[in-house]
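Visitor: I'd like to go over a predicted model; first the sequence, then the structure.
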Amino acid sequence: MKEMTTDTLVIGGGAAGMAAAVECAERGCRTILVEREEYIGGVLNQCIHNGFGLHVFKEELTGPEYAQLFKSQIRQKGVETRSDLFVVKVDAKRREVVTMGKNGCAIYRPQALIMTTGARERPFNSLRIPGTRPAGIYTAGVAQRFVNLHNRLPGERAFVLGSGDIGLIMARRLTLEGMTVLGVAELMPHPGGLARNISQCLHDFNIPLYLSTSVVEVHGRERLEGITLAKFDPVTLQRLPGTDETIACDTLILSVGLLPQNELIESFVETDPVNRGVKVDSFMRTTHPWVFAAGNNVGVYDLVDFVTLDGKIAGQSAAKMVHDGFLPEKRVPLARTENISTLIPSLCCLEGNPFTIYFRSKKTMKKARISIGPGLFETIRMGIKPSEMVDIPFTVKHMEKLKQLGLSKIEVSLKEVL
Ligand SMILES: Cc1cc2nc3c(=O)[nH]c(=O)nc-3n(C[C@H](O)[C@H](O)[C@H](O)COP(=O)(O)OP(=O)(O)OC[C@H]3O[C@@H](n4cnc5c(N)ncnc54)[C@H](O)[C@@H]3O)c2cc1C
């Protein structure tokens, strides 16, 4: 079996992996980027809509344009890209990464590993919807791939379950390609996607959004023939009797959430029990010393810009570890309070650089008080929504105060101001 040593190995060539690889190579590390698909770029390659890059590039780009800017840097900085190569195993004890490709298996021995394997879509079977299992039911990402990369339409009359951004974008895309999109159903009383996507993808195309509504049965043997919708109580989320309605359609598109993808390392790194991502510190280092992580496998981000920024930190930190041999060890855990779901990072390095705390709220709040501490700092934010991540800069001044206070944990608290 072919064996290779390298300074840094990045698994996954999406936004996080590309940003991390560029930073490593820029700092003189031999960097290998492994991607299972034919091309690097990750999910950006199939997102042909615009809305990417407002923070990082200060302009609105499509996914492929955003990816191209990094692909050029990857080439310029001398990152060695290995695509069509699947990582099948990471052996933590031996520090080995095993890949499988057209030419068989190979073993890589990196000094630092950066995991940027993204997230996968929650599948239909996880929803436990009764009925038959006909053709015509797709996750939104798969439908997007069919349409945008393979020029194939999944059907004629579609209904979308879940109002996450991917579902909203696909409702518009399928309409533009000539399908009839009958509506989008969302179990929660609020939409899951960004406000701009509700407006630009649904309102602009007269596609109805049914809140507190879900699919309770699918019909059809070979091919989907229809679905039954029902209303749900917005507070208890219990199905409301007498509200069932059957709709004829041949396609059901699912946009019901993404799950961080960490099978390769979850046996030896800690994961967050709430968002199921890998726990990282403010250097984007996992709980295993030579393994770093960034992107949707850490937590599902709303904007690619944030993914890129954390990917860069992972790359810089991995390069620092390769050159200096260590990173600061003193770390203080971040703890969420009841209104918070995703929280990144999980640990703050006391001797570290400034970083950003990202979190998602569990509910919509017109005005909210965010307290970091106790006693570090407070800020007020308007218009908090579960679909949009909140980014809070943690500065050098905050770091100094943290040391003075000697806190054993940093509590991140979010409360509605009435
Ligand atoms: C449909 C959709 C629309 C979006 N719209 C917007 C938008 O308008 N604006 C915005 O800012 N953001 C948007 N986002 C969010 C943003 O695009 C993503 O958060 C970001 O691109 C994720 O990057 P990533 O690197 O974490 O993951 P990915 O792009 O998923 O990359 C992970 C990579 O890892 C590879 N991989 C996984 N396992 C292995 C393995 N074992 N071996 C080798 N390779 C492996 C995968 O093939 C993949 O290429 C959207 C996302 C989606 C899905």
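Guide: Received, thanks.

Visitor: and the closest residue to D281 other than its chain neighbours, how many neighbours?
Guide: Computed as C-beta to C-beta, 6 or more residues apart in numbering, the closest residue to D281 that is not its neighbour in sequence is L347, at 3.8 Å. C-beta coordinates here come from the backbone N, C-alpha and C atoms, glycine included. As a burial measure, L347 scores 22 neighbours (other C-beta atoms under 10 Å).

Visitor: show the contacting residues for L347.
Guide: K279, V280, D281, S282, R331, V332, P333, L334 (C-beta atoms under 8 Å, 6 or more residues apart in numbering).

Visitor: again, only this time at 7 Å
Guide: Neighbouring residues of L347 by C-beta atoms under 7 Å, 6 or more residues apart in numbering: D281, S282, R331, V332, P333, L334.

Visitor: which other helices and strands contact the lowest-mean-pLDDT helix or strand in the chain?
Guide: Within the chain, confidence by mean pLDDT, DSSP states H and E is lowest for helix 195-197 among all helices and strands, at a mean of 87. Counting by 3 or more C-beta pairs under 7 Å, 6 or more residues apart in numbering; DSSP states H and E, the packing neighbours recorded for helix 195-197 are helix 165-176.

Visitor: can the helix it packs on be found next to the ligand?
Guide: Yes: using C-beta under 6 Å from any ligand atom, helix 165-176 reaches the ligand at D165, I166, I169.

Visitor: next one: stretch 293-302
Guide: Yes: using C-beta under 6 Å from any ligand atom, stretch 293-302 reaches the ligand at G295, N296, Y301.

Visitor: report how many residues lie close to R221.
Guide: 10.

Visitor: contact partners for it?
Guide: Contacts of R221 by C-beta under 7 Å, 6+ apart are T132, P134.

Visitor: list phi and psi for it.
Guide: Dihedral pair for R221: phi -100, psi -70, per degrees, to the nearest 10.

Visitor: for T62, give me its contacts.
Guide: By C-beta under 7 Å, 6+ apart, the contact list for T62 reads I48, H49, N50, F52.

Visitor: chain neighbours aside, what residue packs nearest to the second one?
Guide: On the basis of C-beta to C-beta, 6+ apart, the spatially nearest residue to H49 that is not a chain neighbour turns out to be I169, at 5.7 Å.

Visitor: how about the residues of the chain by the ligand?
Guide: Counting by C-beta under 6 Å from any ligand atom, the chain comes close to the ligand at 11-17, 34-37, 42-44, 47, 51-52, 86-87, 116-118, 141, 144, 165-166, 169, 295-296, 301, 303-305, 307.

Visitor: recalculate using a threshold of 5 Å.
Guide: Residues of the chain lying near the ligand by C-beta under 5 Å from any ligand atom: 12, 14-16, 35-37, 42-43, 47, 51-52, 86-87, 117-118, 166, 295-296, 301, 303-304, 307.

Visitor: could you turn the buried ones of those residues into a PyMOL selection?
Guide: Of the residues of the chain next to the ligand, the buried ones can be selected in PyMOL as follows, counting by 16 or more other C-beta atoms under 10 Å:
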select buried, resi 12+14+15+16+35+36+42+43+47+51+52+87+117+118+166+295+296+301+303+304+307
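
Visitor: mind listing what D165 touches?
Guide: Contacts of D165 (C-beta under 7 Å, 6+ apart): G193, L194, N197.

Visitor: quick check, the second one in contact with S387.
Guide: Yes: under the criterion of C-beta atoms under 7 Å, L194 makes contact with S387 at 5.5 Å.

Visitor: overlap in contacts, those two.
Guide: What both L194 and S387 touch, as defined by C-beta under 7 Å, 6+ apart, is the set D302.

Visitor: same for the top helix by length along the chain, what does it pack against?
Guide: Longest helix of the chain, by residue count under DSSP state H: helix 304-324. Helices and strands touching helix 304-324, by 3+ C-beta pairs under 7 Å, 6+ apart, are strand 2-11, helix 15-26, strand 104-115, strand 291-293.

Visitor: which residues touch C349?
Guide: By C-beta under 7 Å, 6+ apart, the neighbours of C349 are D281, S282, F283, P328, R331.

Visitor: 10 Å instead?
Guide: Contacts for C349 (C-beta atoms under 10 Å, 6 or more residues apart in numbering) come out as 281-283, 285, 317, 327-332, 355, 399.

Visitor: again, but for R30
Guide: If you count contacts by C-beta under 10 Å, 6+ apart, then R30 has 4-9, 24, 78-80, 110-111, 322 around it.

Visitor: looking at those, which has the most residues close by?
Guide: C24 (31 neighbours).

Visitor: correct me, but that one touches I114?
Guide: Yes: the pair C24 / I114 is scored as a contact, 7.6 Å apart, by C-beta atoms under 10 Å.

Visitor: re the thing from before, and of the contacts of R30, the nearest to the ligand?
Guide: Looking at the contacts of R30 and their distance to the ligand, the nearest is L9, at 10.7 Å (C-beta to the nearest ligand atom).

Visitor: for that closest one, give me the pLDDT.
Guide: pLDDT for L9: 98.

Visitor: do the one 4 residues further on as well
Guide: In the prediction, the pLDDT value recorded for G13 is 98.

Visitor: now for it: which residues touch it?
Guide: 21, 33-37, 39-42, 44-45, 67, 70-71, 74, 79, 81-83, 85, 116, 118.

Visitor: you'd agree F146 is in a helix?
Guide: Yes: F146: assigned to a helix according to DSSP: H, G, I helix; E, B strand; the rest coil.

Visitor: surely it is in contact with A158?
Guide: No: with contacts counted by C-beta under 10 Å, F146 stays clear of A158, the gap being 12.0 Å.

Visitor: how close does L343 sit to the ligand?
Guide: 17 Å (C-beta to the nearest ligand atom, to the nearest Å).

Visitor: tell me how many other residues surround that residue.
Guide: Other residues lying near L343 total 20 when counted by other C-beta under 10 Å.

Visitor: helices and strands around the helix or strand harbouring it, which ones?
Guide: Per DSSP states H and E: L343 is located in strand 340-344. For strand 340-344, the elements it packs on are strand 331-336, strand 355-361, strand 390-394, strand 410-416, judged by 3 or more C-beta pairs under 10 Å, 6 or more residues apart in numbering; DSSP states H and E.
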